[in-house]
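In: build me a model from this:
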Amino acid sequence: MADFVGAVDQGTTSTRFMIFDHGGNEVARHQLEHEQILPRAGWVEHNPIEIWDRTVTVVRTAMQKANLSASDLAAVGITNQRETTVVWDRRTGRPYYNAIVWQDTRTDRIASALDRDERGQTIRRKAGLPPATYFSGGKIQWILENVDGVREAAERGDALFGNTDSWLLWNITGGKEGGNHVTDVTNASRTMLMNLETLDWDDELLSFFGIPRAMLPEIRPSSDPNGYGVAHVSGPLGGDVPLTGDLGDQQAATVGQVCFSPGEAKNTYGTGNFMLLNTGTNLVRSENGLLTTVCYKFGDAAPVYALEGSIAVTGSAVQWLRDQLHIINSAAESETLAAQVPDSGGVYFVPAFSGLFAPYWRSDARGAIVGLSRFNTGAHIARATLEAICYQTRDVVDAMAQDSGVTLDVLKVDGGITVNNLCMQIQADVLGVPVSRPVVAETTALGAAYAAGLAVGFWKNTDELRENWNESQRWQPSWSGEQREEGHGKWKKAVQRTLDWVDVD
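Out: Residues are numbered from 1 along each chain as shown. Predicted structure coming up:
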């Protein structure tokens, strides 16, 4: 039997291929960034062809680094930036337009119109999502309405839609020579088009956006023994490697963090923050601004659902300090600078650069730094930035407790910002619960590998995966309850200052 499992991790800023052994240990990786295309304010795009080319390169390079061939891989999984929308021609394999990224806000009028009438409530009830620029449905509608010839091609069945998982799977399994047009339930649940109860595309939801059903991929389980196809001989993996795992990136991180029991939660700190709480087979509908989403579906087993709190700007706020304010030269310097002061000196920074996501869902909000006096320095702003990451997480944790009745005992964390020890200490202080980081921090790729490996018997069950999880570091809260509540109360006041800044039709 092959000794390894591979995972393609197609993210917002880069694509990587990682190879893991049976113990969940990293064997090899290669990673390449791709261009962030910003045509105008609020628009964010990627070039799908560049993403595919990067995928080919990272797979081949990682395999060469490990001196492995396709026969050494038991299976391959894919995980991806969710909601980022690609529409392409099945005959030529060429995209009709750049990928519209999840951060893009050009569809604000589409979302606002849906939210003004009963269609918004129907979307919430059926798809578990509020009408928002975040999700794929509005992006597909924009392409159909604004790119010449796409509507006609879609009606003919020649225009295909997918999040980046579908785009990669189609290309890996043959592309225009017969590639499979598929996705999994987690990615489908991020479109505003899938019914959470039937796990199928919903004709009423499709009608809200004017989307022909023929555009949409077939929905499969996240871990599928039948697979999504076999790697094409001419592709980066060669032939005969089964593709058996597919998960949106945050669901993949939840699997990588082995949050398989109801009540277990993880928080991923990346460009934004994404916290998922496993609610088991119960479909919990949020009353507090969270998303109801599919957590994963393994084979023929019942789907497992989750509540998700999606935060738009966290790690990218640190990048803003570096690239726009120029008060640090690297992301790592944010910790050094913030550590020069014992607190934020009364400064609060709400980085609502593209509105506020969970639990507020206010596209009219914009970023604000409040509480400034002449006493304050760049160190206070750096510390306020780290605190903003943690307070936004606190807002989501509170909403989850109200929706689910579950109180966190510990928060499992992963992602780039978790190397910032000061930020993780502040997170424990703001939440009042321990924060735990695993040894293997690349939980997104690991989760995709786990899903693929479970499907082919490389791992027998989820208990075997739990044995692979080990803690690297734990931070204990040090603030008093009074200090915690005072800080959060002022944060909430700062959030109010950001609202009603932009007029949204």
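
In: low-confidence stretches in the stretch 201-350 of the chain?
Out: 233-234 (pLDDT under 70).

In: how about the strands in it?
Out: Assigned strands in the stretch 201-350 of the chain, in chain order: 218-220, 243-248, 265-269, 273-280, 291-296, 304-311, 348-350 (criterion: DSSP state E, counting those that start in this stretch).

In: in the fourth one, what's buried?
Out: By that I understand strand 273-280. Asn273, Phe274, Met275, Leu276, Leu277, Asn278, Thr279, Gly280 (16 or more other Cβ atoms under 10 Å). (C-beta placed from N, C-alpha, C; glycine too.)

In: by contact count, what packs against it?
Out: Using 3 or more Cβ pairs under 8 Å, 6 or more residues apart in numbering; DSSP states H and E, the elements in contact with strand 273-280 are helix 249-256, strand 265-269, strand 291-296, strand 304-311, helix 378-404.

In: how long is stretch 260-271 end to end?
Out: Terminal residues of stretch 260-271 are spaced 25 Å apart (Cα to Cα, to the nearest Å).

In: ok so, going back, considering the buried residues of strand 273-280, which is situated nearest to Val258?
Out: Val258 has its nearest neighbour among the buried residues of strand 273-280 in Asn278, at 10.3 Å by Cβ to Cβ.

In: could you give the bridge partners of the closest one?
Out: Ala306 (DSSP bridges).

In: quick check: mean pLDDT across stretch 143-161?
Out: Regarding stretch 143-161, the rounded mean pLDDT is 95.

In: before we move on, what about stretch 485-501?
Out: For stretch 485-501, the per-residue pLDDT averages 95.

In: same question for stretch 79-88.
Out: Stretch 79-88 shows a mean pLDDT of 96.

In: which strand or helix spans the closest residue to Tyr348 other than its chain neighbours?
Out: Distances taken as Cβ to Cβ, 6 or more residues apart in numbering place Ala494 nearest to Tyr348, at 3.8 Å, with adjacent residues excluded. Per DSSP states H and E, Ala494 falls inside helix 481-497.

In: which residues does that helix contact?
Out: Applying Cβ atoms under 8 Å, 6 or more residues apart in numbering, the external contacts of helix 481-497 come out as 348-350, 356, 360, 365, 368, 370-371, 387-388, 391, 394, 429-430, 432, 477, 479.

In: for it, C-alpha coordinates in CSV please.
Out: Extracted in CSV, the C-alpha atoms of helix 481-497 (Å, rounded to 0.1, in the frame of the first residue of the first chain):
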residue,chain,number,x,y,z
GLY,A,481,-13.2,39.3,34.8
GLU,A,482,-13.7,43.0,35.4
GLN,A,483,-10.8,43.9,33.1
ARG,A,484,-12.1,41.5,30.4
GLU,A,485,-15.6,43.0,30.4
GLU,A,486,-14.5,46.6,30.5
GLY,A,487,-12.2,46.1,27.5
HIS,A,488,-15.0,44.3,25.5
GLY,A,489,-17.5,47.0,26.4
LYS,A,490,-15.2,49.7,25.0
TRP,A,491,-14.6,47.5,21.9
LYS,A,492,-18.4,47.4,21.3
LYS,A,493,-18.6,51.2,21.5
ALA,A,494,-15.8,51.4,18.9
VAL,A,495,-17.7,49.1,16.6
GLN,A,496,-20.7,51.5,16.8
ARG,A,497,-18.5,54.3,15.5
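
In: any idea how far that helix is from the chain center?
Out: 27 Å (Cα atoms, centre = their mean, to the nearest Å).

In: same question, stretch 147-157
Out: Here stretch 147-157 is found 29 Å from its chain centre; the criterion is Cα atoms, centre = their mean.

In: what residues of that stretch count as buried?
Out: Those buried within stretch 147-157 under the rule 16+ other Cβ under 10 Å are Val150, Arg151, Ala153, Ala154.

In: residues contacting it, please?
Out: Applying Cβ under 8 Å, 6+ apart, the contact partners of stretch 147-157 are 87, 89-90, 96-97, 143-145, 159, 211-212, 214-215.

In: so which of these belong to helices?
Out: Members of those lying in helices (criterion: DSSP state H): Ile143, Leu144, Glu145.

In: just send these back as a markdown table, with neighbour count and distance to Gln402 too.
Out: Below are the ones in helices among the contacts of stretch 147-157 laid out as a markdown table (neighbours: other Cβ atoms under 10 Å; distance: Cβ to Cβ, whole Å):
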| residue | neighbour count | distance to Gln402 |
| --- | --- | --- |
| Ile143 | 23 | 37 |
| Leu144 | 23 | 38 |
| Glu145 | 12 | 38 |
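
In: with these in mind, which one is nearest to Val413?
Out: For those, the nearest to Val413 is Ile143 (35.7 Å; Cβ to Cβ).

In: list the contacts for that closest one?
Out: Contact partners of Ile143, counting by Cβ under 8 Å, 6+ apart, are Thr85, Val87, Tyr96, Tyr97, Ile100, Val150.

In: out of these, who's nearest Glu467?
Out: Nearest member of the contacts of Ile143 to Glu467, counting by Cβ to Cβ, is Thr85, at 38.1 Å.

In: quick one: which of the contacts of Ile143 is most hemmed in?
Out: Counting neighbours by other Cβ atoms under 10 Å, the top entry in the contacts of Ile143 is Thr85, with 29 neighbours.

In: residues in contact with that residue?
Out: Contact analysis of Thr85 by Cβ under 8 Å, 6+ apart lists Ala99, Ile100, Ser136, Lys139, Ile140, Ile143, Phe161, Asn163.
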